[in-house]
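1. Sequence and predicted structure are below.
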There are 2 protein chains.
Amino acid sequence: MDLWFTEYHTENARFSFKIDKQVVSLKSEFQRIDVFDSYDFGRVLVLDGFIMLTEKDEFIYHEMMTHLPMAVNPEIHDVLVIGAGDGGAVRELTRYDSIKRIDMVEIDKLVVDVCREYLPQTSCKLDDPRVHIYFEDGIKFVKEKNNEYDLIIVDSTDPFGPGESLFTEEFYRNCFKALKSTGIMVNQHESPYYPNDALAMQDAHKKIKSVFPVALVYQAHIPTYPSGHWLFGFASKGLDPVADLSTSWDSLGLKTKYYNTDLHKGCFALPNYVKELLRNA
Amino acid sequence: MDLWFTEYHTENARFSFKIDKQVVSLKSEFQRIDVFDSYDFGRVLVLDGFIMLTEKDEFIYHEMMTHLPMAVNPEIHDVLVIGAGDGGAVRELTRYDSIKRIDMVEIDKLVVDVCREYLPQTSCKLDDPRVHIYFEDGIKFVKEKNNEYDLIIVDSTDPFGPGESLFTEEFYRNCFKALKSTGIMVNQHESPYYPNDALAMQDAHKKIKSVFPVALVYQAHIPTYPSGHWLFGFASKGLDPVADLSTSWDSLGLKTKYYNTDLHKGCFALPNYVKELLRNA
């Protein structure tokens, strides 16, 4: 049998991979949820036709969203994760004994249910006693929080559909308010390569920069996302991700497959064309 | 009309883009040569079915192969470029007044002829008076050279077909011999992501390491190459690409779209999984 999944990166460019079978296909109140078994990438989670994660390379995305801020401030105890229904960010966070509480806010309970059942590689730590899951709209949840978190991770889908409100200035303003004085916000920041993605990336950067005194962007190689060149935002009330990098992360002895402290410093060195997009945001 | 070009990254994963028209299709003694006009990537050069360059992002590959070594040693005067029939590497090198001679060795004259006619964006500097083009086998050409070049750029195709001999230990040994005592060799080093590419990358690294005292690997985001995560090798008789980075490159005032000196330092910080592949090479 010859069964292929295809994602359109633009109207005129697409990435396809061969799948062994469709594991599940459901429609929630918010989106269509599919899980496939692929030949090259292991199990794959797809929301509304877009690849959210593959078992082969989800470690890149999840490590870069979690270990990077954790290495800047070893005194992170209270973490809010918005989105991230697959549990990948939570899995990495639970590796830190120093973390006391992980509040996870996911609007779509069905995503979590599907991941619990079909994606144990990422969802395996959702039952850690420090994890509290709220099935709510992230924008509403964070609005009521003040000076409560050391770290907010915005692990959203793209800036349309259910993830749209997580790219608004109001949302970033509420995240700022919900953070303590040494607080850090990390967010998935789209890609600089294809024009429409670049516009979304510029828009997010402009808004975050208007709210946070420190607003930087870092990059990673994520081959199964459009262009493979993916960006993350690092925003804080004052901490600089490189100048204030703690020296203690290596001594924790956490094994990682992508992240390391040299790469931490290197990933903020962006290509000129990306820097220009950010300057003109 | 709905015309798509497809490249298979593996048997089970493929990248496709829509094209307006096939500009030319020829068969040389060595390979099939196609040029397409695409909607998203401008004009595209394809050899034996594999994308060699697109007008949209060739600057990444060519800047990273040239400016990086040039920034390490500002006293580079004599350069040998092997492969690179499209002229992209030569175009970047001719921007340096300090370079006195560029010998370019391309086995396939038809590639150069096609690029001169259909890809002026990359081939535009092939008539610079410092450029000498030899239509020969690179491995034979370099065998006869001793202590002659400051920089050798190996801009090869993949390690099968006409590019195969440019991935042999004998070839690297002859490059070493052809270099002066401060010599640098830079080569395209495949990708770490898909298993077969990773094997080729490990094989190249193992051989280069056995010949050169300094043998490092650096990375760039090249979205139209398989996985978008591309590697380059930096080998030298002693110069370290980061510790010995000259401070004078910025003062040259060269405008680049990808390369900059912060990124120069950052691009040697590799993900753990890539470091492990290199260690086990």
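-> All right, it came through fine. Numbers count the residues shown, from 1 in each chain, chains lettered A, B, ... in the order given.
2. top strand in chain A by residue count?
-> In chain A, assigned by DSSP state E, the strand with the most residues is strand A:13-27.
3. got the buried residues for that strand?
-> A:13, A:14, A:15, A:16, A:17, A:18, A:19, A:23 (16 or more other C-beta atoms under 10 Å in any protein chain shown). C-beta coordinates here come from the backbone N, C-alpha and C atoms, glycine included.
4. anything in it near chain B?
-> Yes: if you take C-beta under 8 Å from any C-beta of the partner chain as the test, strand A:13-27 does meet chain B, through A:13, A:14, A:15, A:16, A:17, A:18.
5. That strand pairs with which strands?
-> Each strand paired with strand A:13-27, and its direction, by DSSP bridges: strand A:3-10 (antiparallel), strand A:32-38 (antiparallel), strand B:13-27 (antiparallel).
6. who wins for proximity to residue B:176 among those strands?
-> Between residue B:176 and the strands paired with strand A:13-27, the shortest separation by C-beta to C-beta is 35.0 Å, and it involves strand B:13-27.
7. how long is stretch A:88-107 end to end?
-> Looking at stretch A:88-107, the gap from its leading to its trailing residue is 16 Å under the measure C-alpha to C-alpha, to the nearest Å.
8. Next, the buried residues of it.
-> With burial defined by 16+ other C-beta under 10 Å, the residues of stretch A:88-107 counted as buried are A:88-94, A:96, A:99, A:102-107.
9. Residue A:119: neighbour count?
-> Using other C-beta atoms under 10 Å in any protein chain shown, residue A:119 has 25 other residues around it.
10. which residues does it contact?
-> The contact partners of residue A:119, by C-beta atoms under 8 Å, 6 or more residues apart in numbering or on different chains, come to A:35, A:43, A:45, A:53, A:55, A:86, A:87.
11. now those as CSV including neighbour count?
-> Supplementary listing: the contacts of residue A:119 in CSV, determined by neighbours: other C-beta atoms under 10 Å in any protein chain shown:
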residue, neighbour count
A:35, 19
A:43, 20
A:45, 25
A:53, 27
A:55, 17
A:86, 27
A:87, 29
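12. any chance of those in CSV, with secondary structure and pLDDT too?
-> Formatted as CSV, the entries for those read as follows, by DSSP: H, G, I helix; E, B strand; the rest coil; pLDDT from 0 to 100:
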residue, secondary structure, pLDDT
A:35, strand, 98
A:43, strand, 98
A:45, strand, 98
A:53, strand, 97
A:55, coil, 98
A:86, coil, 97
A:87, coil, 98
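13. With distance to residue A:62 added, can I get those in a markdown table?
-> Putting those into a markdown table (distance: C-beta to C-beta, whole Å) gives the following:
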| residue | distance to residue A:62 |
| --- | --- |
| A:35 | 17 |
| A:43 | 15 |
| A:45 | 13 |
| A:53 | 8 |
| A:55 | 12 |
| A:86 | 9 |
| A:87 | 9 |
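14. got the contact list for the closest residue to residue A:82 other than its chain neighbours?
-> With C-beta to C-beta, 6 or more residues apart in numbering or on different chains as the criterion, residue A:82 has its nearest non-adjacent residue at 3.9 Å, and that residue is residue A:138. Listed by C-beta under 8 Å, 6+ apart, the contact set of residue A:138 reads A:82, A:83, A:105, A:107, A:154, A:156, A:165, A:166, A:171.
15. So residue A:10 sits against residue A:196, correct?
-> Yes: under the criterion of C-beta atoms under 8 Å, residue A:10 makes contact with residue A:196 at 7.0 Å.
16. neighbour count winner among these two?
-> Ranked by neighbour count (other C-beta under 10 Å), residue A:10 and residue A:196 place residue A:10 first, with 17 against 14.
17. and the more buried one, what is it in contact with?
-> A:194, A:195, A:196, A:226, B:40.
18. Look up how far residue A:16 lies from it.
-> When distance is defined by C-beta to C-beta, to the nearest Å, residue A:10 is 14 Å away from residue A:16.
19. ditto for residue A:110
-> With distances defined as C-beta to C-beta, the gap from residue A:110 to residue A:16 amounts to 26 Å.
20. what's the domain layout of chain A?
-> As given by automatic domain parsing, the domain ranges for chain A are A:3-54, A:58-279.
21. Per-residue pLDDT of the residue of the stretch 51-200 of chain A at minimum distance from chain B, please?
-> Residue nearest to chain B within the stretch 51-200 of chain A (C-beta to the nearest C-beta): residue A:193, separated by 5.1 Å. Confidence per residue is given as pLDDT, and for residue A:193 that number is 98.
22. With residue A:1 instead?
-> The predicted local confidence for residue A:1 is 85.
23. Report how many residues lie close to it.
-> Using other C-beta under 10 Å, the number of residues around residue A:1 comes to 6.
24. for residue A:11, same thing?
-> Close neighbours of residue A:11, defined as other C-beta under 10 Å, add up to 10.
25. For the stretch 101-250 of chain A, what lies in contact range of chain B?
-> Taking C-beta under 8 Å from any C-beta as the test, the list of the stretch 101-250 of chain A residues beside chain B reads A:193, A:194, A:219, A:221, A:223, A:227, A:228, A:229.
26. For the closest residue to the last one other than its chain neighbours, give its distance to residue B:128.
-> In space, residue A:229 comes closest to residue B:221 once its chain neighbours are excluded; the distance is 3.9 Å by C-beta to C-beta, 6+ apart. Taken as C-beta to C-beta, the spacing of residue B:221 relative to residue B:128 amounts to 29 Å.
27. cool, residue A:129 as well?
-> If you measure residue A:129 against residue B:128 using C-beta to C-beta, the figure is 68 Å.
28. do the same with residue A:217
-> According to C-beta to C-beta, residue A:217 and residue B:128 sit 37 Å apart.
29. So for the two, which sits in the more crowded spot?
-> Neighbours of residue A:217 and residue B:128, each counted by other C-beta under 10 Å, are more numerous for residue A:217; the result is 25 against 14.
30. need the contact list for residue A:245.
-> Residues counted as contacts of residue A:245 (C-beta under 8 Å, 6+ apart) are A:71, A:72, A:261, A:264, A:265.
31. repeat that with 7 Å
-> If a contact means C-beta atoms under 7 Å, 6 or more residues apart in numbering or on different chains, then residue A:245 has A:71, A:72, A:261, A:264 as its contacts.
32. one step back: ChimeraX command to pick out the buried ones of the contacts of residue A:138?
-> Here is the ChimeraX command that selects only those of the contacts of residue A:138 that count as buried (16+ other C-beta under 10 Å):
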select /A:82,83,105,107,154,156,166,171
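33. Give me the subset of the contacts of residue A:138 that lies in helices.
-> Mapping the contacts of residue A:138 onto helices (DSSP state H) picks out residue A:171.
34. Next, give phi and psi for residue A:101.
-> Recorded main-chain torsions at residue A:101 are phi -150, psi 130, according to degrees, to the nearest 10.
35. scratch that, residue A:57
-> Phi and psi for residue A:57, reported as degrees, to the nearest 10, are phi -130, psi 10.
36. And for it, the neighbour number?
-> Other residues close to residue A:57 by other C-beta under 10 Å number 24.
37. list the contacts for it?
-> Residues counted as contacts of residue A:57 (C-beta under 7 Å, 6+ apart) are A:222, A:223, A:224.
38. Tell me which of these fall in strands.
-> Among the contacts of residue A:57, no residue falls in strands (DSSP E).
39. Pick the one among those closest to chain B.
-> Using C-beta to the nearest C-beta, those come closest to chain B at residue A:223, 3.9 Å.
40. Need the strands paired with strand A:13-27 in JSON lines (columns: distance to residue A:183).
-> Listed next are these as JSON lines, based on distance: least, C-beta to C-beta, whole Å:
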{"stretch": "strand A:3-10", "distance to residue A:183": "34"}
{"stretch": "strand A:32-38", "distance to residue A:183": "32"}
{"stretch": "strand B:13-27", "distance to residue A:183": "40"}
